[in-house]
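S.K.: structural data only, the sequence is not supplied:
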Ligand SMILES: [Zn+2]
Ligand SMILES: [Zn+2]
């Protein structure tokens, strides 16, 4: 099975300044809402989660309308290693979402589970 990958860092460099501004602002807002969520009362969590969903929806719209070729990328996997998040390039697991029975890493981009099953990254 051959997976097709997107490098988000490379894609960013191909975007217009206007699109970068829009996407960057949305990403910033999402991060700020996540930080805000750490400080709010339980009763306010629904408002924060709704804000997150709204921002993600706006982010999806911005990608759909402003990123050339986005439709062709729908069946690709996003290579999180390119943005500093460790991810197995064979199965897609990450540090936070690892194989439940075989956690751990064989190398930077290959998890232990895939390594022992003979897959290569
Ligand atoms: Zn893996
Ligand atoms: Zn894995």
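M.R.: That came through, no problem. Here the structure is a predicted model, which is why all the values come from computation and not from measurement. Ligands and ions are numbered 1, 2, ... in the order given.
S.K.: who's in contact with stretch 68-82?
M.R.: 3-10, 14, 63-64, 86-87, 89, 92, 94, 108-109 (Cβ atoms under 8 Å, 6 or more residues apart in numbering). Placement of C-beta: from N, CA and C, glycine included.
S.K.: cool, and stretch 17-32?
M.R.: By Cβ under 8 Å, 6+ apart, stretch 17-32 touches 12, 15, 52, 55, 56, 58, 59, 62, 63, 66, 67.
S.K.: swap in stretch 42-53?
M.R.: For stretch 42-53, contacts defined as Cβ under 8 Å, 6+ apart pick out 30, 33, 34, 36, 37, 40.
S.K.: mind listing which of the contacts of stretch 68-82 are in strands?
M.R.: Among the contacts of stretch 68-82, the members found in strands (DSSP state E) are 5, 6.
S.K.: among the contacts of stretch 68-82, name the buried ones.
M.R.: When neighbours are counted using 16 or more other Cβ atoms under 10 Å, the contacts of stretch 68-82 contain these buried positions: 63, 87, 89, 109.
S.K.: if we can go back for a sec, among the contacts of stretch 42-53, name the ones in strands.
M.R.: In strands, judged by DSSP E, none of these are found.
S.K.: residue 115: which of the residues you listed is nearest?
M.R.: Of all the contacts of stretch 42-53, residue 115 sits closest to residue 34, with 32.6 Å by Cβ to Cβ.
S.K.: quick one: contacts for the closest one?
M.R.: Residues near residue 34 by Cβ under 8 Å, 6+ apart: residue 52.
S.K.: again, 6 Å this time
M.R.: If you count contacts by Cβ atoms under 6 Å, 6 or more residues apart in numbering, residue 34 has none.
S.K.: show me which pair in the buried ones among the contacts of stretch 68-82 is furthest apart.
M.R.: Pairwise distances across the buried ones among the contacts of stretch 68-82 (Cβ to Cβ) peak at 24.9 Å, for the pair 63 and 109.
S.K.: for residue 58, give its distance to residue 12.
M.R.: Per Cβ to Cβ, to the nearest Å, residue 58 is found 18 Å from residue 12.
S.K.: one more: residue 45?
M.R.: Relative to residue 12, residue 45 is positioned 31 Å away (Cβ to Cβ).
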